[in-house]
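K.L.:
requesting a structural model of the entry that follows:
(one chain, ligands or ions: 2)
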Amino acid sequence: MAPAFKNTSPISSPIKKPASTGTAQHLKGLAPSAVEDSRTQDARAYEQLKKKGTDLEKYIFLSWLRNTNLDMFYRLVLGHLKEIAPIIYTPTVGQACQEFSHIYPFLAPPNAVDGLYIPLTEVDNIDEIIQNYKRSIPAGCEPDITVITDGSRILGLGDLGMNGMGIPVGKLQLYVAAGGLDPTRCLPIVLDFGTDNPKYLDDPLYLGIRQKRPQDAEFYAATEKVLKGLTNAFPGLFIQFEDFNTPHAFGLLEQWRNQILCFNDDIQGTGSVVLSAFISAIRLAGIPAKDQRILFVGAGSAGVGVAKQLVDYLEIEHKIPEEQAKAMFWFVDSRGMITANRGDTLADHKVYFARQDNGDTQCKSLEETLEYVRPTALIGLSTIHKAFNEKILTRLNEINPTGRPIVFPLSNPMTKAECTFEEAMRFTNNRVLFASGTEFPEYTVPGTDKPVVPVQANNCWVFPPIGLGAVLSKPKCITDTMIFAVSKALANSLNEQERASGELLPRIERIREVSAEVAAAFIHQAVREGLARDEKWIALVNQSGLSSGTNAQPDGVFSQDVLAEVKKSIWAPAQSVPPFVPNKL
Ligand SMILES: O=C([O-])CC(=O)C(=O)O
Ligand SMILES: [Mg+2]
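P.N.:
Ligands and ions are numbered 1, 2, ... in the order given. I've put the predicted structure just below:
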């Protein structure tokens, strides 16, 4: 993300002023003579992108472009966001991770440093690693933000070891494209702590260390060394934990959330965006919030994180007491409905939602649980492809004749999704309120000519504004109420057209403008809670008349002044073509 050298690629080579620049820099004859502006050059790059036969080839081309011409890369991404986001991010990034050791390098260091690869065997040398990174980046490009994974649970694809590096790189590209963070101040990190996946241990081209993952004690000791090294070197660094396996995702968050500026995207980010879509769904469902019966399929970090945020929402917004709100949730995992008395030892994070009111009933499958619970909402974070099959969806629709059923198949990538948008529409007589984790095509109901736009409840709606808001206002830590404010601001950002067509989140084309609004709401909340440390933002929020003290309801509001200032802070790619500097001249 923070290439040491930029604009060395042939794609940026045509000289802007061949006569004078060429003479002055002794470049005459070293490049074609055409004089071009960036628009023409971007068109050439876009044409080259379109000619790639597969999404993976597009991914490789874009990775190379990013490492050679950062501005052009982001001009293309921003100019064609809807088309390019699924390549640099979900779903193609999943395939790129699986193939990472086979498609790397996009450019070898020192020409481009993609981020940090920190082997378990080198954590004692973390300071040296960080010094090496500092040496590789231009002055003034110390990172504001890092996304860090150990590759142990990449999307729904499992343990990919060091190949998981594609995820921090992809997430940070979204931080830039959607949130407007400065790409030269973003640091992707993979903790190369081994892998338990035999496929990679046996792969001759695998680029990570060839050993099994460490036990918990060693894992936590090693992550502590890395996090301390990073926060010492870069005070105030915003750290996003990404795609750690479930116990470690929860463990790291609990260990660090009050000590450093950190955030878990899979627990808090997914929870926040799903909450936002859920707030919008409740407004349209025709079933009051207190009568919702919510069935989760999959009880990993993301599922439980999402459900806990929904409980908070029901408490704060609908004044439903916690015990009563909690009782509106049921979970199914690989052994069936999660109950306190089903006879196995539940993982710690499952205990909170384990049912105590089931008597002797133990449902062994989703089908049985559906009949027992008779849910109004079905939320999938199971990574079980087609778990929401025709029978399940048809039955859900029958159970809810008066209100619209809510179906959120949140697993990704596509090969793991619980159902498609088309299936959810067809099997519910098009009544579904839908949001998915991965992108689906629009669906045209037979007999009509207006396609219906599916909603992607991906955490990319919330991590970029949280990162932007945090980098600007510098809070001590990220609280649940800040994240709650983000969900509300996102739900409030829907425009008239989106509301009218029953969409639960804004359209992807608006992600930059919406991210700025949501970041402004985040900053307001951080200041209200007394945790923001940047004087400028504290003063701006205090002047706005919207800072009603630390116990204020996290309502997601923001002032236009704060929004205007956020917009001024947003990074945008340079539009002009820099003079051509050929490699090694
Ligand atoms: O990356 C995504 O699209 C969502 C995510 O965090 C995950 O599935 O782990
Ligand atoms: Mg993730």
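
K.L.:
report the contact partners of the residue nearest to residue 511 when sequence neighbours are not counted.
P.N.:
Distances taken as C-beta to C-beta, 6 or more residues apart in numbering place residue 178 nearest to residue 511, at 4.5 Å, with adjacent residues excluded. Quick note: C-beta positions are derived from backbone N, CA and C, even for glycine. Residues in contact with residue 178, defined by C-beta atoms under 8 Å, 6 or more residues apart in numbering, are 460, 464-465, 511-512, 515.

K.L.:
swap the cut-off to 10 Å and go again
P.N.:
77-78, 81, 85, 89, 460-465, 467-468, 508, 511-512, 514-516, 518 (C-beta atoms under 10 Å, 6 or more residues apart in numbering).

K.L.:
pLDDT score for it?
P.N.:
Listed pLDDT for residue 178 reads 97.

K.L.:
that one and residue 480, how far apart?
P.N.:
Distance from residue 178 to residue 480, counting by C-beta to C-beta, to the nearest Å: 22 Å.

K.L.:
now residue 442
P.N.:
In terms of C-beta to C-beta, residue 442 sits 35 Å off from residue 480.

K.L.:
pick out whichever of these two has more residues nearby.
P.N.:
More neighbours surround residue 480 than the other of residue 442 and residue 480, with 15 against 11 (other C-beta atoms under 10 Å).

K.L.:
who in the stretch 351-500 of the chain is up against ligand 1?
P.N.:
Those residues of the stretch 351-500 of the chain that sit near ligand 1, judged by C-beta under 6 Å from any ligand atom, are 412, 458-459.

K.L.:
cutoff 5 Å now
P.N.:
Counting by C-beta under 5 Å from any ligand atom, the residues of the stretch 351-500 of the chain close to ligand 1 are residue 458.

K.L.:
can you report phi and psi for residue 263?
P.N.:
phi -160, psi 140 (degrees, to the nearest 10).

K.L.:
that one: what's it in contact with?
P.N.:
147, 238-242, 253, 256-257, 269, 272, 462-463, 466-467, 470, 477-478, 482-483.

K.L.:
cutoff 6 Å now
P.N.:
Listed by C-beta atoms under 6 Å, 6 or more residues apart in numbering, the contact set of residue 263 reads 240, 478.

K.L.:
so what pairs up with it in the strands?
P.N.:
Bridge pairing for residue 263 (DSSP bridges) gives the partners residue 240.

K.L.:
poorly predicted segments of the stretch 101-250 of the chain, please.
P.N.:
Low-confidence segments of the stretch 101-250 of the chain (pLDDT under 70): 107-111.

K.L.:
just the strands in it please.
P.N.:
Assigned by DSSP state E, counting those that start in this stretch, the strands in the stretch 101-250 of the chain fall at 116-119, 145-149, 186-192, 238-241.

K.L.:
excluding chain neighbours, what is closest to the closest residue to ligand 2 within the stretch 401-550 of the chain?
P.N.:
Per C-beta to the ion, the residue of the stretch 401-550 of the chain with the smallest distance to ligand 2 is residue 459, at 6.8 Å. Excluding the flanking residues, the one nearest residue 459 by C-beta to C-beta, 6+ apart is residue 269, at 3.6 Å.

K.L.:
what residues does the chain have near ligand 2?
P.N.:
243, 266 (C-beta under 5 Å from the ion).

K.L.:
quick one: least confident helix or strand in the chain?
P.N.:
The weakest-scoring helix or strand in the chain, judged by mean pLDDT, DSSP states H and E, is helix 18-24 (a mean of 44).

K.L.:
which SSE is immediately downstream of that helix?
P.N.:
Sequence order places helix 38-51 as the next helix or strand after helix 18-24, per DSSP states H and E.

K.L.:
which strands or helices does that following helix pack on?
P.N.:
helix 70-79 (3 or more C-beta pairs under 6 Å, 6 or more residues apart in numbering; DSSP states H and E).

K.L.:
could you pull up the mean pLDDT of the helix it packs on?
P.N.:
For helix 70-79, the mean per-residue pLDDT is 96.

K.L.:
CA atoms of the next helix or strand after it as CSV?
P.N.:
Remark: after helix 70-79, the chain's next helix or strand is helix 81-88, criterion DSSP H and E. Extracted C-alpha coordinates of helix 81-88, given in CSV (Å, rounded to 0.1, in the frame of the first residue of the first chain):
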residue,chain,number,x,y,z
LEU,A,81,-16.1,1.6,-8.1
LYS,A,82,-19.1,-0.7,-8.6
GLU,A,83,-17.1,-2.7,-11.2
ILE,A,84,-13.7,-2.8,-9.5
ALA,A,85,-14.7,-3.1,-5.8
PRO,A,86,-15.7,-6.8,-6.3
ILE,A,87,-12.2,-7.4,-7.8
ILE,A,88,-9.9,-5.8,-5.2
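
K.L.:
wait, is residue 397 part of a helix?
P.N.:
Yes: looking at residue 397 with DSSP: H, G, I helix; E, B strand; the rest coil, it is inside a helix.

K.L.:
which residue, other than its chain neighbours, is closest to it?
P.N.:
Nearest residue to residue 397, sequence neighbours excluded (C-beta to C-beta, 6+ apart): residue 428, at 4.1 Å.

K.L.:
and the one you found, which of the three is it?
P.N.:
coil.

K.L.:
tell me how many other residues surround it.
P.N.:
By the criterion of other C-beta under 10 Å, residue 428 has 20 neighbours.

K.L.:
please apply the same query to residue 323.
P.N.:
Per other C-beta under 10 Å, the neighbour tally for residue 323 reads 8.

K.L.:
for ligand 1, see how far away it is.
P.N.:
Residue 323 is 30 Å from ligand 1, where distance means C-beta to the nearest ligand atom, to the nearest Å.

K.L.:
before we move on, what about residue 94?
P.N.:
From residue 94 to ligand 1 the distance is 8 Å (C-beta to the nearest ligand atom).

K.L.:
sec struct for that residue, please.
P.N.:
The local conformation at residue 94, judged by three-state DSSP, is helix.

K.L.:
ok, it touching residue 411?
P.N.:
No: between residue 94 and residue 411 there is no contact under C-beta atoms under 6 Å: 11.2 Å.

K.L.:
those two: who's more crowded?
P.N.:
The neighbour comparison of residue 94 against residue 411 (other C-beta under 10 Å) goes to residue 411, with 27 against 24.

K.L.:
residues touching that one, list them.
P.N.:
156, 380-381, 383, 417-418, 437.

K.L.:
of these, which belong to strands?
P.N.:
residue 380 (DSSP state E).

K.L.:
what would the contacts of residue 411 look like in CSV with neighbour count and distance to residue 164?
P.N.:
Listed next are these as CSV, based on neighbours: other C-beta atoms under 10 Å; distance: C-beta to C-beta, whole Å:
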residue, neighbour count, distance to residue 164
156, 24, 13
380, 27, 23
381, 30, 19
383, 24, 16
417, 28, 20
418, 30, 23
437, 29, 18
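
K.L.:
can you tell me which of the contacts of residue 411 is nearest residue 322?
P.N.:
residue 381 (21.9 Å; C-beta to C-beta).

K.L.:
residues from this structure in reach of ligand 1?
P.N.:
So the chain meets ligand 1 at 90, 155, 266, 458 (C-beta under 5 Å from any ligand atom).
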